[in-house]
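In: starting from these lines, generate the structure:
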Amino acid sequence: MLCSNSKMSLQRLGRVRRLLRCPGRTARCMSSMQINGSLLETSRHRHETDIIALPEHRARSNLDNFLRSKVGLEPSQSTYVLPNILPPTPPAAGYTHVLTPPQIAVALDAAMATFHLHVESRIASLCGQGFYTIGPCGEEMLASIGFALDPHVDAMALHYRHLSVSILRQLRLGRKSLEEIILDRARGYCVSRLDPVTGGVHCAIGSAREPNANDYGGGDYVVTSTLASQCPPAVGRALAFPIADSILRGDKSGSSSSVKQVSFVTVGDGSIHNAHFLSAFNLARHARFRRNKCPVVFGVSDNGLSISYPTDGYADFLFSKTSTDPKLRSHRDRDGIPVFKANGCDMFDVYDKTLQATSYSRKNSAPSLVLYQELIRRFGHAATDRQHAYLDTDTVDRMADSDVVASGIVQAVEQWNALTYNEVYDRFREIGIMVKRSFDVAAEEPKITTREEMIEQVSQPMVRIPRLNPELLTSLHEPELTGSVDRSKTLKRDVMRKHMTRVVSEALTKNPGVVYIGEDVEHGGYYLVTDGLATHFPGRVIDFPPDETTLLGAAMGFSHAGLLPIVEIPYSKYLDCGADM
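Out: Numbering: from 1, shown residues only. Prediction:
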């Protein structure tokens, strides 16, 4: 016999299944149906007064009224005063590359979807149905980053605030419609088990399809809410691309006709203080100093705050001191990493500077960095962020009123004539409906509710390794007991490190994708475990500087590119230096 809660859960699941069984694709079905009396819709009515008081709800109403005024409709609020919203100021030198009208439309779609998703995530949280509220607002116009990278070739790992970039990238891939992408993201906010990225254990930016061997290290990599753990593997992928091209695909000269890959990774201005970022950035600089190929592009968004801690322009200071002019010719002048600075509120400047950086890294197989400046964080870090504890009311209100989406719309309509206000307003309303319905669906879907389900989802899969036949082990180690092995033909007893060298050599011989990486391994290592291997297997026994964080992180990146890295950690004590990877 079912209790009332169980009956209600089955009824909710039945409604979702009926919706998902509609003919055609899920998104098209969802757009034509309303889940009347859904759990979230009922809760919205109950909390209507509190929802109206949310600064995010007020900001969305203001943007809606701004667009209504632009298309000749009366504002929905009689007290609304039309603000003087200006487009971003173009850089003094202009743009080297510009977006096309269709690209502008897609970038605005991604920005508006990001804004709506954030507003509904805060509403769902207030209603007790949303469980992730870290906000991307203020950084929506970074979406055009997605046009500066090849979604079929380049690797991407995005900071948790850079949702608009992920949405645009998925739209370019063309595997899902915008409505399907929105539904997947709503599932993350509501921790639905049907979330294709995490399966209901978190809300993370990533791809519904895992990168595979055919991507050669390209694709979208899942990034959670950690500060910068995505950076060492990203540098590892960049280091691995040319190695994999050489030993797996036979491109010894590096002149393959295929497009060179770039590894793109983003962080916030708070994350640049984290050891993961600093280790990765140092490894990239080290690779450049040694002229090792490392086409990684770092993207850093600077909104001036790391939750409550003011960063005060430190990102600009840090990278100005470590950068170099990409036009300089001498080797010594080019030892640094070139920095391209963009106005993060200007979709054209974002696209232009990112394309310049990725083109530089692609052409030179060298690292670069894009610093996205002039960003303003809207609505706090997350719903639990007590902004008034560390910012005055005027500052909080000013930040909430800084509508970069509205500014981008004015830029698209009035400066570039890419769309009309009528087209933008219709699309803004349409995307808003998509997002609201997606949250209604996601909130009804099943969640992980037991310890066993959670363990199954987050634990490393246990792979059963078949044991060798005991008789075979006896014959190998104690041949005199079996009488079946000619002792004159058995290998002589030897020190363990020589047996290890022999086994590693066998692995390198049998599998061309195996590489051996570590500290001091090219000359033989601390204990001569790799003695002579660098000579027999050129380019596949690789030294790294003494930093276990980047060593283990790079090993992850190597595996993403299709290689099979063996990582040497000479002392067990060194493991704790890289355990966070």
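In: rounded mean pLDDT for the longest helix along the chain, please.
Out: Looking across the chain with DSSP state H, the single longest helix is helix 101-126. Here helix 101-126 scores 98 as its mean pLDDT.
In: check which helices and strands the helix or strand where residue 241 lies sits against.
Out: For residue 241, the host element (DSSP states H and E) is helix 231-247. Under the contact criterion of 3 or more CB pairs under 8 Å, 6 or more residues apart in numbering; DSSP states H and E, helix 231-247 touches strand 155-157, strand 263-268, helix 275-289, strand 296-301, helix 548-560. For every residue, glycine as well, the C-beta is placed using N, CA and C.
In: rerun that using 6 Å as the cut-off
Out: Contacts defined by 3 or more CB pairs under 6 Å, 6 or more residues apart in numbering; DSSP states H and E place helix 231-247 against strand 263-268, helix 275-289, strand 296-301, helix 548-560.
In: distance from that helix to the middle of the chain?
Out: In terms of CA atoms, centre = their mean, to the nearest Å, the centre of helix 231-247 is found 17 Å from the chain centre.
In: any weak-confidence spans in the stretch 351-500 of the chain?
Out: By pLDDT under 70, the weakly predicted segments of the stretch 351-500 of the chain are 468, 470-492.
In: that one: strands as residue ranges?
Out: For the stretch 351-500 of the chain, the strands defined by DSSP state E, counting those that start in this stretch occupy 368-373.
In: nearest the geometric middle of the protein, what residue?
Out: Residue closest to the average C-alpha location in the chain (CA atoms, centre = their mean): residue 158, at 2.5 Å.
In: give me the neighbour count for residue 47.
Out: By other CB atoms under 10 Å, 16 other residues sit near residue 47.
In: OK, contacts around it?
Out: 126, 127 (CB atoms under 6 Å, 6 or more residues apart in numbering).
In: what distance do you get for it to residue 134?
Out: Distance, residue 47 to residue 134, by CB to CB, to the nearest Å: 21 Å.
In: how about residue 362?
Out: 31 Å.
In: looking at those two, which is more packed in?
Out: residue 362 (20 against 17).
In: surely that one touches residue 260?
Out: Yes - Residue 362 lies in contact with residue 260 (CB atoms under 6 Å); the separation is 5.0 Å.
In: in the stretch 301-450 of the chain, which spans are helices?
Out: Here the stretch 301-450 of the chain has its helices, by DSSP state H, counting those that start in this stretch, at 314-322, 347-364, 393-400, 404-410, 421-444.
In: with distance to residue 380 added, can I get the ones you listed in CSV?
Out: Shown next, in CSV, are those (distance: least, CB to CB, whole Å):
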stretch, distance to residue 380
helix 314-322, 20
helix 347-364, 23
helix 393-400, 8
helix 404-410, 16
helix 421-444, 20
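In: out of the ones you listed, flag the one nearest residue 547.
Out: In terms of CB to CB, the element of the helices of the stretch 301-450 of the chain nearest to residue 547 is helix 314-322, at 16.9 Å.
In: in the closest one, what counts as buried?
Out: Taking 16 or more other CB atoms under 10 Å as the neighbour-count basis, helix 314-322 is seen to contain the buried residues 314, 315, 316, 318, 319.
In: next, the angle from that helix to strand 263-268.
Out: 130 degrees (axes from the mean of the first three to the mean of the last three CA atoms, to 10 degrees).
In: with just CA atoms, put helix 314-322 into PDB.
Out: Output of helix 314-322 as PDB, limited to C-alpha atoms (Å, rounded to 0.1, in the frame of the first residue of the first chain):
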ATOM      1  CA  TYR A 314      44.200  42.400  -9.600                       C
ATOM      2  CA  ALA A 315      43.600  40.400 -12.700                       C
ATOM      3  CA  ASP A 316      44.700  43.300 -14.900                       C
ATOM      4  CA  PHE A 317      47.800  43.800 -12.700                       C
ATOM      5  CA  LEU A 318      48.700  40.100 -12.700                       C
ATOM      6  CA  PHE A 319      48.500  39.500 -16.400                       C
ATOM      7  CA  SER A 320      50.000  42.800 -17.400                       C
ATOM      8  CA  LYS A 321      53.100  41.700 -15.400                       C
ATOM      9  CA  THR A 322      53.300  38.300 -17.100                       C
END
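In: just to revisit the earlier point, and which of the buried residues of helix 314-322 is nearest residue 546?
Out: residue 318 (22.9 Å).
In: roughly how far apart are the closest residue in space to the closest one that isn't next to it in sequence and residue 306?
Out: Spatial nearest neighbour of residue 318, excluding adjacent residues (CB to CB, 6 or more residues apart in numbering): residue 272 at 6.5 Å. Distance, residue 272 to residue 306, using CB to CB: 9 Å.
In: tell me which of these two has more neighbours.
Out: residue 272 (23 against 19).
In: list the contacts of stretch 128-138.
Out: 40, 114, 118, 121-122, 124-125, 160-161, 163, 189-191, 203, 375-379, 382-383, 443.
In: which of the residues you listed are buried?
Out: Among those, the ones that count as buried by 16+ other CB under 10 Å are 40, 114, 118, 121-122, 124-125, 160-161, 163, 189-191, 203, 375-379, 383, 443.
In: so which residues of the stretch 51-200 of the chain form helices?
Out: 55-70, 101-126, 163-173, 178-189.
In: and those: which comes nearest residue 531?
Out: The nearest among the helices of the stretch 51-200 of the chain, by CB to CB, is helix 163-173 at 45.7 Å.
In: could you check the angle the closest one makes with helix 101-126?
Out: 130 degrees.
In: for helix 163-173, C-alpha coordinates in PDB please.
Out: Provided in PDB are the C-alpha atoms of helix 163-173 (Å, rounded to 0.1, in the frame of the first residue of the first chain):
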ATOM      1  CA  LEU A 163      26.400  29.600 -19.100                       C
ATOM      2  CA  SER A 164      25.700  31.800 -22.200                       C
ATOM      3  CA  VAL A 165      28.800  30.500 -23.900                       C
ATOM      4  CA  SER A 166      27.800  26.900 -23.300                       C
ATOM      5  CA  ILE A 167      24.300  27.600 -24.700                       C
ATOM      6  CA  LEU A 168      25.700  29.200 -27.900                       C
ATOM      7  CA  ARG A 169      28.200  26.400 -28.400                       C
ATOM      8  CA  GLN A 170      25.500  23.800 -28.200                       C
ATOM      9  CA  LEU A 171      23.300  25.700 -30.600                       C
ATOM     10  CA  ARG A 172      26.300  25.800 -33.100                       C
ATOM     11  CA  LEU A 173      26.700  22.000 -32.700                       C
END
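In: what's the angle between it and strand 296-301?
Out: Using the same axes, to 10 degrees: helix 163-173 against strand 296-301 is 130 degrees.
In: can you list the neighbours in contact with helix 163-173?
Out: Here helix 163-173 makes contact (CB under 6 Å, 6+ apart) with 106, 110-111, 113-114, 136, 140, 142-143, 145-146, 151, 158, 181, 205.
In: of these, select the buried ones using a ChimeraX command.
Out: Command for ChimeraX that selects the buried part of the contacts of helix 163-173, burial taken from 16+ other CB under 10 Å:
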select :106,110,111,113,114,136,140,142,143,145,146,151,158,181,205
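In: and which of the contacts of helix 163-173 is nearest residue 354?
Out: Using CB to CB, the contacts of helix 163-173 come closest to residue 354 at residue 145, 5.0 Å.
In: gap between that closest one and residue 167?
Out: 11 Å.
In: also residue 106?
Out: In terms of CB to CB, residue 106 sits 9 Å off from residue 167.
In: and residue 317, by the same measure?
Out: 32 Å.
In: list the buried residues for stretch 439-453?
Out: Buried-residue list, stretch 439-453, by 16+ other CB under 10 Å: 439, 440, 441, 442, 443, 444, 445, 447, 448, 453.
In: got the contact list for the first one?
Out: For residue 439, the contacting residues are 40, 120, 124, 186, taking CB under 6 Å, 6+ apart as the criterion.
In: my read: the second one touches residue 434, true?
Out: No - between residue 120 and residue 434 there is no contact under CB under 6 Å: 10.2 Å.
In: of those two, who's got more company?
Out: Regarding residue 120 and residue 434, a neighbour count based on other CB under 10 Å identifies residue 120 as having more, with 28 against 24.
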